[in-house]
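[1] pasted the sequence and its predicted model underneath.
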Amino acid sequence: MSAVSKVRAFIAKLDQDTIFTTRDLLTFGTRSAVDNAVYDLVKLQEIVRIVPGVFSLPGSQRKPTLKELAIIKAKSFGHRIIKHASYIASELGLEQSEVPDDEVWFATSGSTSEFKFGDITIKFKPTSTRKMRLGDTCAGQVIRALNYVGWKEVTEHTVAVATAHLSSRNMRRIQALASMMPAWLSSYFLEQERSSLVYHQGTSLVREESILYIVPNCRIMMRSAAPRAPSGSSRSRLGTGPGRSA
């Protein structure tokens, strides 16, 4: 049986509003044979190409949204997508979105890719496993947005703005996720219990009083865990400035 015949047999069993992808057909022949079969069936109007690699049946009443198509495309390659942090940062009032008007971005667990949907270009931007795990929960979005804005721009006021809409429950969730943040960001949320720290530097004893930080409107109290370095020694910045990532 040819690849075309196998694809025809496959689509004959589908519900009218089913959406399927090229990847669903790859068991019916070589990639080249399947691509040729799909091309012929589109030309014969037996299937409808919605976007490259995604198809429906003629007469289908289902009109997938752009996001649905993006999820289908990503899933066909075994990947996930979540909201890009640029949108979240903009919605929280932290900065303007840098996404062009004719593009839509998603953060993905896969590699960089893009496809067209009408006049819109949908772009998948790779992000780390850690950020994908944070996902699109309220707490996860706030953390990803602040991380995206970056350590050079984030201040106590920025954190207050980003968290102003959160319930106390979600604030506790953010604090519980501190291990998934870079050090510079977790310092805004971690409440450290040590009131003082004593250590020896050569033969001298150095004592550091705790420094109390209060983020306005957030009821977050943080104490510095790092002792002040003796005069003349260098002091490194907490955290580094990695490139922006979704």
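    That came in fine, so what should we check first? Numbers count the residues shown, from 1 in each chain.
[2] mean confidence (pLDDT) on the helix or strand hosting Ala9, please.
    For Ala9, the element it lies in under DSSP states H and E is helix 3-12. Over the span of helix 3-12, the pLDDT mean works out to 96.
[3] export it to CSV, keeping only CA atoms.
    Backbone C-alpha positions of helix 3-12 (Å, rounded to 0.1, in the frame of the first residue of the first chain) are rendered in CSV as follows:
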residue,chain,number,x,y,z
ALA,A,3,1.9,6.3,1.5
VAL,A,4,-1.0,8.1,0.0
SER,A,5,-3.3,5.2,0.5
LYS,A,6,-2.2,4.8,4.1
VAL,A,7,-2.7,8.5,4.8
ARG,A,8,-6.2,8.3,3.2
ALA,A,9,-7.0,5.3,5.4
PHE,A,10,-5.8,7.2,8.4
ILE,A,11,-7.9,10.4,7.8
ALA,A,12,-11.0,8.3,7.0
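[4] who does that helix touch, helix- and strand-wise?
    helix 31-43 (3 or more Cβ pairs under 8 Å, 6 or more residues apart in numbering; DSSP states H and E). Bear in mind the C-beta positions are built from the backbone N, C-alpha and C, glycine included.
[5] got the buried residues for whichever helix or strand comes after the helix it packs on?
    Once the chain leaves helix 31-43, the next helix or strand it forms, by DSSP H and E, is strand 48-51. When burial is assessed from 16 or more other Cβ atoms under 10 Å, strand 48-51 yields the following buried residues: Ile50, Val51.
[6] sheet-wise, list the partners of strand 48-51 with their directions.
    In the sheet containing strand 48-51, the strands it pairs with under DSSP bridges are strand 54-56 (antiparallel).
[7] ok, residues contacting the helix or strand following the partner strand?
    For strand 54-56, the succeeding helix or strand toward the C-terminus, using DSSP H and E, is helix 66-76. Residues external to helix 66-76 that are found in contact with it (Cβ atoms under 8 Å, 6 or more residues apart in numbering): 19, 21-24, 50-51, 53-54, 64, 80-81, 104, 106, 108, 110, 115, 117, 120, 122, 124.
[8] repeat that with 7 Å
    The set of residues external to helix 66-76 that reach it, using Cβ atoms under 7 Å, 6 or more residues apart in numbering, is 19, 21, 23, 50-51, 53-54, 80-81, 104, 106, 108, 110, 115, 117, 120, 122, 124.
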